[in-house]
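1. the sequence and its predicted three-dimensional model are supplied below.
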Amino acid sequence: MSAEARLREQVCLFAKSLYDRGLTPGASGNISARLEDGRLLVTPTGSCFGRLDPARLSVLDEARAHIDGDAPTKEVALHAAFYETRPAQTGAVVHLHSTHSVALSMLPDTDPEDMIPPLTAYGIMKLGKVKLLPYFMPGDPAMGEAIRGLAGKRSAVVLANHGPVVAGKDLEAACYAMEELEETSKLAILTRGLSPKMLNEAQIQGLVTKFNVEWDD
Ligand SMILES: O=C(O)[C@@H](O)C(=O)COP(=O)(O)O
Ligand SMILES: [Zn+2]
């Protein structure tokens, strides 16, 4: 099996796993994954993560023009901005409509610079600081500009009233980080108002140093 055929299978398998666990409903969400030659495999617009066909994934060239497969997601500008601003760290980008991270994006006390409270070590290790971006109309290329404005400093963001977007070195890493974002958001909502004991600054810095976490503002 070629590397491209393997990646096509992987995109569909991870997407189905996310869908089957209720992490993105209906035809929401999109995935991109980079091939060795710089082309991107992306999920077609309007497609359901539970029923993707490896042969019909959209293919974009290095200029992010559609060259093969079904019509691509309307969020190409959003995905492309991660590959552009974090070239060495980005092999895949995942966007979902996952309930708890969207809920957290709407609450008044959520810190837009660091929206996930330091509740667990894994949340810090896998995500670093998560930026809350404003609301944009789905498909608005201004989302790409907003990602460029972060100058490559964040691998995970949440679009307010919409959903999370996570970039990883490969598809597996991006999906695992995304799952951590959703689970930690769930913990944040479950414990909100209950004065949960959070990790302190020394514990956070210990993780940042030991696990090389990106923690710049
Ligand atoms: O919320 C939206 O409409 C998009 O961000 C989305 O999640 C699905 O759009 P397509 O990838 O174009 O299907
Ligand atoms: Zn969306």
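-> Received, thanks. Ligands and ions are numbered 1, 2, ... in the order given.

2. for the most centrally placed residue in the chain, list each beta-bridge partner.
-> In the chain, the C-alpha nearest the mean C-alpha coordinate belongs to residue 166, at 1.9 Å (Cα atoms, centre = their mean). Judged by DSSP bridges, the bridge partners of residue 166 are residue 94, residue 156.

3. can I take it that residue 100 is in a strand?
-> No - per DSSP: H, G, I helix; E, B strand; the rest coil, residue 100 lies outside any strand segment and is helix.

4. per-residue pLDDT, the residue nearest to the centre of the chain?
-> On the pLDDT scale, residue 166 is placed at 98.

5. over to residue 216?
-> pLDDT, residue 216: 82.

6. chain neighbours aside, what residue packs nearest to it?
-> Distance criterion Cβ to Cβ, 6 or more residues apart in numbering; nearest residue to residue 216, sequence neighbours excluded, is residue 153 at 5.5 Å. C-beta here means a position set from N, CA and C on the backbone, and glycine is covered the same way.

7. ok, residue 77 next?
-> Sequence neighbours aside, residue 144 is the residue nearest to residue 77 in space, at 3.4 Å (criterion: Cβ to Cβ, 6+ apart).

8. quick check: that neighbour touching residue 74?
-> No - the criterion here is Cβ atoms under 8 Å, and residue 144 misses it with residue 74 at 11.8 Å.
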